[in-house]
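Undergrad: Sequence plus the predicted model coming up.
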Amino acid sequence: MALTGKVIESTGKWYKVEANGEVTSCRLPGRFRLNSAEVTNPVTVGDRVDISIGDDQTGIITHIHDRDNFLPRQATHGRRGEQILAANIDRAWAVVSVRQPALKTGFLDRFLVACEAYGIPASILINKTDLASKRDWKQLEALRELYSGLGYPVHVASIHNSESIEELKTALDGHTNVFIGPSGVGKTSLLNCLKPGADLTVGDISGYSNKGKHTTTVARLLRIGDAGYIVDTPGIRELGLVNIEPYELSLYYPEMLKPRENCKFNNCTHSHEPGCGVSAAFEAGEIHPERYFSYLNILESL
Ligand code: GDP
Ligand code: ZN
């Protein structure tokens, strides 16, 4: 029987595929590995695949559908190529906390640039609002105004506020989501609230043993609500920027798209060049100073 489904778990050897509400353990024929020299894992969680189920109730993956988007990570330990952490992500969430650790907008802007570059819709989730002072709340409101004005929804939550967890669950349902954020902001705690009983004992696993051999590492989608998922894959909770050229960076700042059309040089980096539309827009107060300074910071780091 042939079916189309979604990969919800991968050990690199076996793939659990959910199709029509049933989960089938599947194998991947070797030819798919030969065809994909640039990636270390040809199939990842979130992939849509066709499967054929045999008499023993296990399946074979017969076709991998094109991806809407994917999150790559540079493969480590001398292996060539990219590792794909997850595919077909509906929304990436930058998870930060009001305090402990304090909120850093630099992280948010890097995250948003990466999401724009990878074509993944992005939201911001500010956790630990139970620790927020009156002054913190004022800052949160300003932050919400800035980022939601740029098209990035801003949510707040606390694991000690069940109403906020229910609201979050509603926002996650029906989509494949990924949580990304610094350690200590409460990602594991939130997942445990959203999915009581989930076996979240994922530590800092690179996917490779110290001998440089590939070890079995489970990547999976955690089911939240009726039809929502959160990617739970080692290495996915923090995200780096890859392969962005300096002159491209402003393409990933939505508020710079129009102003950059007025730049005199088409490879303008909007940092020191004369006749720059972006710095003119900044001078005119049309680009928020924090965003322009974060842009310059990221530019410097590229
Ligand atoms: P992770 O590293 O992002 O996965 O963060 P953890 O889930 O391990 O949480 C780090 C610490 O923050 C733990 O001590 C949690 O109990 C605490 N924490 C998580 N969420 C909240 C929250 O909403 N409010 C408060 N006050 N503490 C929280
Ligand atoms: Zn410019």
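TA: Ah, there it is. Ligands and ions are numbered 1, 2, ... in the order given.

Undergrad: which residues does residue 251 contact?
TA: Residues in contact with residue 251 (Cβ atoms under 8 Å, 6 or more residues apart in numbering) are 116, 257, 260. Using the backbone N, CA and C atoms, a C-beta is placed for each residue, glycine as well.

Undergrad: so how far is residue 283 from the closest residue to ligand 1 within the chain?
TA: In the chain, the residue that lies nearest ligand 1 is residue 186 (2.9 Å; Cβ to the nearest ligand atom). Distance, residue 186 to residue 283, using Cβ to Cβ, to the nearest Å: 39 Å.

Undergrad: Those two - which one has more neighbours?
TA: Applying other Cβ atoms under 10 Å to residue 186 and residue 283 shows that residue 186 carries more neighbours, namely 22 against 11.

Undergrad: Please name the nearest non-neighbouring residue to residue 33.
TA: residue 42 (5.8 Å; Cβ to Cβ, 6 or more residues apart in numbering).

Undergrad: Check whether the one you found really touches residue 63, as I assumed.
TA: No - contact criterion Cβ atoms under 8 Å: residue 42 and residue 63 do not qualify, at 11.8 Å.

Undergrad: Compare the two and say which is more crowded by neighbours.
TA: residue 42 (17 against 12).

Undergrad: host element of the more buried one?
TA: Using DSSP states H and E, residue 42 maps to neither a helix nor a strand.

Undergrad: Confirm residue 112 sits in a helix?
TA: Yes - secondary structure of residue 112 (DSSP: H, G, I helix; E, B strand; the rest coil): part of a helix.

Undergrad: Could I get the pLDDT score of the nearest residue to residue 64 once chain neighbours are set aside?
TA: Of all residues not flanking residue 64 in the chain, residue 49 sits nearest, at 5.4 Å (Cβ to Cβ, 6+ apart). pLDDT, residue 49: 97.

Undergrad: same thing with residue 196?
TA: With respect to pLDDT, residue 196 scores 77.

Undergrad: neighbours of it, just the number please.
TA: Residue 196 is flanked by 7 other residues according to other Cβ under 10 Å.

Undergrad: Compute the distance between it and residue 224, please.
TA: Separation of residue 196 from residue 224 (Cβ to Cβ): 11 Å.

Undergrad: rewinding a little: quick one, what contacts the residue nearest to residue 64?
TA: Contact analysis of residue 49 by Cβ under 8 Å, 6+ apart lists 4-7, 15, 17, 26, 43, 61-65.
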